[in-house]
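> give the three-dimensional model of this entry:
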Amino acid sequence: MDCYGIIGYPLGHTFSPGYFTKKFADEGIDAVYKSFPLEQITELPELLQQQTELRGLNVTIPYKEAVLQYLDETDAAAKAVGAVNCIHITDGNTKGYNTDIIGFEQSLLPLLQPHHRRALVLGTGGAAKAVAYVLNKLGIDYRKVSRSGQPEVVSYDDLTPELISAHTLIINTTPLGMYPDIYSFPPIPYDAIGAEHLLYDLIYNPAETRFLSLGKANGATVKNGMEMLHLQAEASWQIWTGHYNPTV
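Just a heads-up that it's a prediction; the model follows:
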């Protein structure tokens with residue numbers, strides 16, 4: 001029986017097993033989906049040797065970037081981003097893709113207004129790179145934000161109300177506010193957020209993070225990561241079954 005799965009660590013509250021198990025049952029697909037918590041990414045080659053029935057893997061925190069060195073091939077977009085969240089396995093050959101790009105773009109586009117021309121991307125990890133790739137494609141100027149300022153990265157301490165006002169699209173790619181730490185949130189000047197702002201949180205659990213609720217309280221449009229998650233999962237399935245038609 002064909003097997004699919006997810007690698008990362010830890011994997012206590014991952015979305016993918018439930019999604020694909022239901023999909024397989026609903027569509028009568030003879031396959032299973034398993035969680036493979038790897039304490040180190042160096043365990044991946046052994047996993048592939050042991051689980052010869054594997055046809056595809058999703059990749060989650062913290063291995064989206066580190067996994068690239070273990071793959072035989074990498075899709076051009078994933079290579080440009082420097083992060084992989086989907087692996088297709090064919091006759092032992094592994095090829096990496098980034099379906100976060102697809103999920104983020106397709107879920108963001110319906111919400112964009114003409115004034116959403118400048119963005120702040122909170123975080124600098126693999127998910128932030130996928131977001132930046134999409135913003136570049138859409139011609140939206142952006143600045144990344146992190147706890148410690150780096151070259152071309154703004155620190156949270158340097159975020160002024162003026163910067164917030166000037167950047168009407170704010171995207172959280174950090175785990176701040178993710179279950180079970182639901183009371184944490186990115187430290188930005190929320191008082192400077194207004195009705196023209198769009199706040200997008202890649203987190204989907206809880207459905208409304210403190211980041212989103214604080215923005216909504218000031219009139220912002222808000223969006224969580226659930227639709228992106230479904231879209232990227234469906235793109236993974238298209239890759240694994242040979243129906244992938246890249247649009248990004």
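> could you list the domains of the protein?
The chain breaks down by automatic domain parsing into domains covering 2-97, 102-227.
> distance between the ends of the last one?
Put plainly, it is domain 102-227. Chord length of domain 102-227, first to last residue, is 11 Å (Cα to Cα, to the nearest Å).
> again with the shortest one
In domain 2-97, first residue to last residue: 20 Å (Cα to Cα).
> where along the protein do the strands fall?
2-8, 31-37, 54-59, 73-74, 86-90, 93-97, 118-122, 141-146, 153-155, 169-172, 198-201, 221-223 (DSSP state E).
> neighbouring contacts of the second one?
This means strand 31-37. 1-11, 14, 16-17, 20-21, 24, 47, 51, 55, 57 (Cβ atoms under 8 Å, 6 or more residues apart in numbering). For every residue, glycine as well, the C-beta is placed using N, CA and C.
> now these: which count as buried?
3-9, 11, 14, 16-17, 20, 24, 55, 57 (16 or more other Cβ atoms under 10 Å).
> which of these lies closest to residue 111?
Set against residue 111, the nearest of the buried ones among the contacts of strand 31-37 by Cβ to Cβ is residue 16 (24.6 Å).
> show me what contacts the residue lying closest to that closest one once chain neighbours are set aside?
Closest residue in space to residue 16, ignoring its immediate chain neighbours: residue 6 at 4.7 Å, by Cβ to Cβ, 6 or more residues apart in numbering. Counting by Cβ under 8 Å, 6+ apart, residue 6 touches 14, 16-17, 33-36, 57-60.
> pLDDT and distance to residue 139 added to the residues you listed, as CSV?
Formatted as CSV, those follow (pLDDT from 0 to 100; distance: Cβ to Cβ, whole Å):
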residue, pLDDT, distance to residue 139
14, 82, 34
16, 93, 32
17, 94, 37
33, 97, 37
34, 97, 41
35, 97, 38
36, 97, 39
57, 98, 33
58, 97, 30
59, 95, 29
60, 90, 29
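> low pLDDT regions in the chain?
Across the chain, the ranges flagged by pLDDT under 70 are 245-248.
> can you check which helix is longest in it?
Of all segments of type helix in the chain, defined using DSSP state H, the longest is helix 226-240.
> got the contact list for that one?
4, 15-16, 19-20, 23, 55-56, 58, 85-86, 88, 97, 99-100, 102-104, 106-107, 202, 204, 207, 244-245.
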